[in-house]
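Engineer: got a predicted structure plus its sequence, pasted below:
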Amino acid sequence: MNHYIWLLPLLFVFHDFEEIIGMRAWTARNAADICQRFPRFAFIFKSTTTTEGFALAVAEEFVLLLIICGVTFTGIRAFNLLWLGTFIAFALHLVVHIGQAVVIRKYIPALATSILVLPVSLWLIADCIRVSNFSPIEITIYSLAAVVAVGANLLLAHWLARKFNEWLAL
């Protein structure tokens, strides 16, 4: 499993580059249509972030991934499970992006790399599970915890992006 540890942040960065590069232009072209078709999600576009703010949010998430990967090398079982749970949460994140594109029936900045990275991620996760002695209960608990933590951190990352955008506007 140790030889896969640094592939998680590598795949994350590859995927998030597509989002960083395409988000602003895509939002400018599609926000009105999405808000009209899906009014429940209009709030997402009300505080549209700048590329710089979005990049800061991604950088914050990347630093956390680096910390998780670093502590995984201690060999402590809980950290290995945390890494695996985080990888599973990342893979679910890719599935969400693919689902978003299917629902809105449009390309979204994240679709291409989600399609490319998801099979690789699933193979890596499956291989890590195969070679580990983690129980299905442990994997489920750590994966659920990682999904909750990723969701909470996403709120923090977007808050940081908004604050950074406000600072940039000064």
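Structural biologist: Structure received.

Engineer: show me the contacts for the closest residue to Phe38 other than its chain neighbours.
Structural biologist: Nearest-residue entry for Phe38: Ile104, 7.3 Å, with adjacent residues in sequence omitted and distances by C-beta to C-beta, 6 or more residues apart in numbering. (Glycine included, C-beta is placed from N, CA and C.) Contact partners of Ile104, counting by C-beta atoms under 8 Å, 6 or more residues apart in numbering, are 34, 37-38.

Engineer: start to end distance for stretch 96-114?
Structural biologist: 9 Å (C-alpha to C-alpha, to the nearest Å).

Engineer: which of the three states applies to Val120?
Structural biologist: Classification of Val120 by DSSP: H, G, I helix; E, B strand; the rest coil places it in helix.

Engineer: could you check the pLDDT of it?
Structural biologist: Here the pLDDT value assigned to Val120 is 98.

Engineer: now swap in the one 5 residues further on and tell me
Structural biologist: Confidence per residue is given as pLDDT, and for Ile125 that number is 97.

Engineer: so it is in contact with Phe90, correct?
Structural biologist: No. Contact between Ile125 and Phe90 fails when scored by C-beta atoms under 8 Å: they sit 9.2 Å apart.

Engineer: hang on, the earlier thing: what about the residue nearest to Phe38, distance to Thr49?
Structural biologist: Separation of Ile104 from Thr49 (C-beta to C-beta, to the nearest Å) stands at 19 Å.

Engineer: so how do I select the buried members of the contacts of Ile104 in PyMOL?
Structural biologist: Buried members of the contacts of Ile104, defined by 16 or more other C-beta atoms under 10 Å, are picked up in PyMOL with:
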select buried, resi 34
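
Engineer: more crowded one of Ile125 and Phe90?
Structural biologist: Phe90 (23 against 19; other C-beta atoms under 10 Å).

Engineer: that older thread, pick the one among the contacts of Ile104 closest to Val63.
Structural biologist: Ile34 (30.1 Å; C-beta to C-beta).
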